[in-house]
Every structure is written in C-alpha cells, then in structure tokens.
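A.B. asks: sequence first, then the predicted structure, then my questions.
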Amino acid sequence: MQHCPKCGSNNIKYLPWLANMWECRDCGWRGFLVFEEEGAEQRLWKLLKKIPSGKVTTYKILAEKLGLHSRTVARLLSKNKNLIKIPCHRVVFSSGKIGGYALGQAKKASLLRKEGVEVKNGKINLSKFLFKL
C-alpha cells in the first residue's frame, strides 16, 4: 500500500487526469509517488508465475495483492524483458478485454488460445478462465 509522503496517511487517491498524480485525502498533498519498483517487480513476477497455463488473472487482482494501482501494475508489466518465463500475456482487464501486450494484442490472443483460453471478439469469459491468486 502506498502512503502520503507528507503525512504518512494511506488515504490517497489516484488522479489520472492530472498526468498520473496522486492526492492525499487527509492533508491535501498532491504529487507523484515514487514506487519501490524493483521490489514490486519481483513480487509481480512471482505472482505471474503462479498463473497456470489456460487461465488468466486481472490487473486489478494483481494490484490488490501488491497494494498498487492497476495502472502501476500495467506499467510494470510493460517492463517485462522475459515474455516466455514471465507470462504477462495471462493478465487481462476486469471486463475480460485482453488489454495490451509488448508484441501486440493479436499475439497475446494467439498465445492465450494456444493455452486453451477462448478469446472471442477480444474478450475472455472470466467466469470460465479466471485464476484468483
């Protein structure tokens, strides 16, 4: 969980319309948060390795497990340099849309289909293929 650098409160709100800034609801501080990305990346990679072939999870589920915002999870996933060992293609939106991928959405859909995940119109039936960490 992230904390306000001014007062230490964890009552902070993400403000995407202000260029990815955060605001503390207790003291009013606004600014950018510095994340412990190396530690968060390593924890994220460990979680991704737990997702079995043929299943997916969501950015939101990963964010809740890590105490991060789902957009932060997406940004960390974009840094994945080992797409085979760390299966970031198994992460989708909470709506079931497949979301982005370094090699493109078509490749992501293809990889998921090879693993047995049904992708129809760019969406996945989460009631059938969701893996809850």
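C.D. replies: Perfect, thanks for sending it.

A.B. asks: use CA for all of it now, contacts and neighbours both
C.D. replies: Noted.

A.B. asks: ranges for the helices of the chain?
C.D. replies: 37-50, 59-66, 70-77, 105-114, 126-129 (DSSP state H).

A.B. asks: from the chain's centroid, how far away is the last one?
C.D. replies: The gap between where helix 126-129 is centred and where its chain is centred comes out at 18 Å by CA atoms, centre = their mean, to the nearest Å.

A.B. asks: let me see the mean pLDDT of it.
C.D. replies: The predicted model assigns helix 126-129 a mean pLDDT of 97.

A.B. asks: which residues touch that helix?
C.D. replies: G54, K55, V56, G96, V117 (CA atoms under 8 Å, 6 or more residues apart in numbering).

A.B. asks: residue contacts, the third one?
C.D. replies: Okay, so that is V56. V56 sits in contact with R90, V91, V92, L126, F129, L130, F131, where contact means CA under 8 Å, 6+ apart.

A.B. asks: any idea what sits nearest T72, other than its immediate chain neighbours?
C.D. replies: What sits nearest to T72 in space, not counting adjacent residues and going by CA to CA, 6 or more residues apart in numbering, is A63, at 7.8 Å.

A.B. asks: my read: the one you found touches A74, true?
C.D. replies: No - using CA atoms under 8 Å, A63 is not in contact with A74; the gap is 9.1 Å.

A.B. asks: could you report the neighbour count for R30?
C.D. replies: Residues lying near R30 (other CA atoms under 10 Å) number 19.
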